[in-house]
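# Sequence first, predicted model second:
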Amino acid sequence: MNYGLSTTGRNPSASPVPGGTARDSGPGFLQLGTEVTPGEGVVPATPAPGEGVAPATGVRTTRSDAGAVASSWWGRVVGVEVPAWLPLLVVLVVQAVASVRLVAADTAFQDEATYLWAGHLEWAHLLHGWPVPPFASYFSGAPVIYPPLGALADSVAGLAGARLLSLVFMLGSTVLVWDVSRRLSGRRAAFFSAALFALLGPTLHLGAFATYDALSVFLVAAAAWCAASAREGSEAAGRMAAAGALLALANATAYSTALFDPVVVIVALLIALPSGPRVAARRCAALVMVLAALLIAGLLLGGSTYLSGVEQTTFARAPGSDPVLAVLGDAWTWTGVVLVLAVCGVITSWATHRGARHTWLMAILAAAALLGPLEQANLHTLAALNKHIGLGAWFAAIAAGYAADTFIAAAPAGRSRTLTCAACVIALAFPATFGITQSWTFSTSWPSSASFIAIFRPLTSHTPGHLLVEDPTIAEYYLPAGHTWQRWSSTRNIVLPTGASTGHPAKATGVTGPGDPAAFARYIAEGYFSLVALNYADTTTLDHTIHADLARNHHYHIAQVIPYGTHGTYIIYRYKAPQ
């Protein structure tokens, strides 16, 4: 007979705790769909009408008190029985409030402006056949997935709407980490997993950041949920196909998520091992085949442009100059608490003889937190580190929740355990404080573009011709002139009237490197640009070269000087045609 829960590592005849409710969580490894014989203290996965299940004990309850029993640990902490879903709701509310306060913290970041502007152009291309720039050749994710979604939200409620869409994805990720942890270790562990993930600075930041990052975290989390929730003893072909499809979609949304594909596959393998090695192998094979088939199909449909984009932004990225210790130090500051607890979960599983499978599962989940920092340390870059470590923290939070739950379960049953649990809940205030502070720093780390846009708007409206802006996507996003993208060039390449571009960066510097100085000198000498706006911050050396080229052409004059926060000053040059 197929049953709902197994109590591997527990005494099946253990009686409920005093007071009539069973301990709902503890160091036991819970697994859905275990085959057992009746009378082992386990209830069927589908209770009889009007009944519920007290987790991990097999105590049959009426529907009216099932929720209270399921969350009895929380009820003992607060002194009153509460519904089983209330702890998760509390976490989600705190996460939402902490992220919503960031929605209006600053104007659009350059990446946000880029993806939202691109999304509007993609919709114009889809609905009206307008030409679009070759986004696929330099975006680090497929431009047809997140950008159109973000643009839809932007059309409804502006930048705030796009940022709130990211919050929806991050709240969904919290729900998924809660449910995976609940299935593996019980409700109490699930609460701590969800809270630890939700309160991280990177998590709160991504919940108010209009880029593909939040969507990619949610998609990988959903794939892991499919792998972890498959019923034991079955092929779970549907779940594995869904996991493979979700992973493929996540990889297409953000190419860097491919780093976590092996983690999901290994999790699927370890979860399936109790069903036998053949079933485990077939599950993993199904997942990998669906994933590979969809990725290959996507690359074939995308063609050489997508292949070039994947290569330049993922496999052939130009290294930076930041020290390895600086990268690892920042990652430790932002996610260290989850990593430490996850490692404690691994050690606890090994020390309590939970079995090799469970210990390896905890180890894989904990190790996932290191993938992002190690990859960025290998590239010697701090750029976007706070965005790229959130996904690994999602996996590690599951092992961290198990560690917290095991620590509480080690306390003597009764008042001591209740006080220990209450102390652990109160201790969450420390990572919450750090996360709230860090997320505000992340969300205000770039200068406000409000004054620049206010001054540049009338200049672009009354000045025909081509524009050269050091980082143009913020202006392209905010200004109506941004829709005619053929007018806009950056200090990385020059866009021609046909939409083609020239003056690209050298291959060794990657897509974010400065453009070819000779090409810019030639077009400036010809008076190709009507307006030139330089910040002298991003492509500093090339900016000074361009400044010298502008000085040699006496038709260019300084029109405005605009302070740009801590990132220097924008100097705007205007071309005056000879009379």
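Nice, thanks for sending it over.
# alpha carbons only for contacts and neighbour counts from here, please
Will do.
# Now do the contacts for residue 274.
232-233 (CA atoms under 8 Å, 6 or more residues apart in numbering).
# So residue 191: helix, strand or coil?
Three-state call for residue 191 (DSSP: H, G, I helix; E, B strand; the rest coil): helix.
# ok, it - contacts?
87-88, 91, 178, 401.
# what do you get if the cut-off is 10 Å, keeping everything else the same?
Counting by CA atoms under 10 Å, 6 or more residues apart in numbering, residue 191 makes contact with 74, 85-91, 177-179, 181-182, 398, 401-402, 404-405, 425.
# Mind listing what's buried along stretch 166-181?
166-181 (16 or more other CA atoms under 10 Å).
# quick one: which of those is nearest residue 519?
Nearest to residue 519 among the buried residues of stretch 166-181: residue 166, at 39.3 Å, using CA to CA.
# Next up, the contacts around the closest one.
Listed by CA under 10 Å, 6+ apart, the contact partners of residue 166 are 99, 150, 153, 160, 172, 205-215, 218.
# again, only using 8 Å
Contacts for residue 166 (CA under 8 Å, 6+ apart) come out as 206-211, 214-215.
# How much space separates the nearest residue to residue 317 once chain neighbours are set aside from residue 314?
Distances taken as CA to CA, 6 or more residues apart in numbering place residue 510 nearest to residue 317, at 6.2 Å, with adjacent residues excluded. Noted for residue 510: a distance of 11 Å to residue 314, by CA to CA, to the nearest Å.
# go on, residue 266?
Residue 266 sits 23 Å away from residue 314, going by CA to CA.
# now residue 244
Taking CA to CA, one finds residue 244 at 21 Å from residue 314.
# Looking at the two now, which is surrounded by more residues?
Legend: neighbour count by other CA atoms under 10 Å for residue 244 and residue 314, higher for residue 244 (31 against 17).
# which SS class is that one?
What three-state DSSP gives for residue 244 is helix.
# residue boundaries of the strands in this structure?
51-54, 59-62, 466-469, 488-489, 494-495, 501-502, 529-534, 556-563, 569-575 (DSSP state E).
# Of the ones you listed, which is nearest residue 358?
Closest to residue 358 of these is strand 51-54 (CA to CA; 22.8 Å).
# For residue 531, report the pLDDT, please.
Looking at residue 531, its pLDDT is 96.
# my bad, should have said residue 320
On the pLDDT scale, residue 320 gets 84.
# count of residues packed around it?
Neighbourhood size, residue 320 [other CA under 10 Å]: 15.
# Same question for the one 10 residues further on.
When neighbours are defined as other CA under 10 Å, residue 330 has 15 of them.
# now the one 10 residues further on
Applying the criterion other CA under 10 Å, we find 16 residues in the vicinity of residue 340.
# residues touching the residue lying closest to it once chain neighbours are set aside, list them.
Among residues not flanking residue 340 along the chain, residue 400 sits closest, at 7.8 Å (CA to CA, 6+ apart). Residue 400 sits next to 192-193, 196, 338-345, 366 when contact means CA under 8 Å, 6+ apart.
# Where helices are concerned, which of these count?
The members of the contacts of residue 400 that map onto helices under DSSP state H are 192-193, 196, 338-345, 366.
# Any chance of those residues in CSV with distance to residue 330 and pLDDT as columns?
Listed next are the ones in helices among the contacts of residue 400 as CSV, based on distance: CA to CA, whole Å; pLDDT from 0 to 100:
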residue, distance to residue 330, pLDDT
192, 23, 97
193, 22, 98
196, 18, 98
338, 14, 97
339, 13, 97
340, 15, 97
341, 18, 97
342, 18, 98
343, 19, 97
344, 21, 97
345, 23, 97
366, 18, 98
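# Format the residues you listed as TSV; extra columns: distance to residue 103.
Listed next are those as TSV, based on distance: CA to CA, whole Å:
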residue	distance to residue 103
192	26
193	25
196	22
338	25
339	28
340	30
341	30
342	31
343	34
344	35
345	35
366	31
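# now the residue nearest to residue 340: how far from residue 387?
For residue 400, the distance to residue 387 - CA to CA - is 20 Å.
# go on, residue 474?
Taking CA to CA, one finds residue 474 at 20 Å from residue 387.
# how far away is residue 151 from residue 322?
From residue 151 to residue 322 the distance is 33 Å (CA to CA).
# Neighbour count for these two, which is higher?
residue 151 (25 against 15).
# Would you confirm that the more buried one contacts residue 114?
No: Residue 151 is beyond contact range of residue 114, at 10.7 Å (criterion: CA atoms under 8 Å).
# quick one: which of the contacts of residue 400 is nearest residue 443?
The closest of the contacts of residue 400 to residue 443 turns out to be residue 196 (CA to CA; 19.9 Å).
# mind listing what that closest one touches?
By CA under 8 Å, 6+ apart, residue 196 lies in contact with 338, 397, 400-401, 428, 431.
# ok, now residue 362?
Residue 362 is in contact with 342, 345-346, 349, 399, counting by CA under 8 Å, 6+ apart.
# got a pLDDT number for it?
For residue 362, the predicted pLDDT is 97.
# cool, residue 288 as well?
Note for residue 288: predicted pLDDT of 97.
# Ok, residue 42 next?
Note on residue 42: pLDDT of 34.
# In contact with residue 163, which residues?
By CA under 8 Å, 6+ apart, the contact set of residue 163 is 103, 207-210.
# for residue 519, that is, sorry about that
Residue 519 touches 502-503, counting by CA under 8 Å, 6+ apart.
# Would you check how far apart it and residue 506 are?
For residue 519, the distance to residue 506 equals 12 Å [CA to CA].
# likewise residue 165?
Going from residue 165 to residue 506 by CA to CA gives 37 Å.
# who's more crowded, those two?
Higher neighbour count among residue 165 and residue 506: residue 165, with 23 against 14, using other CA under 10 Å.
# No further questions, thank you.
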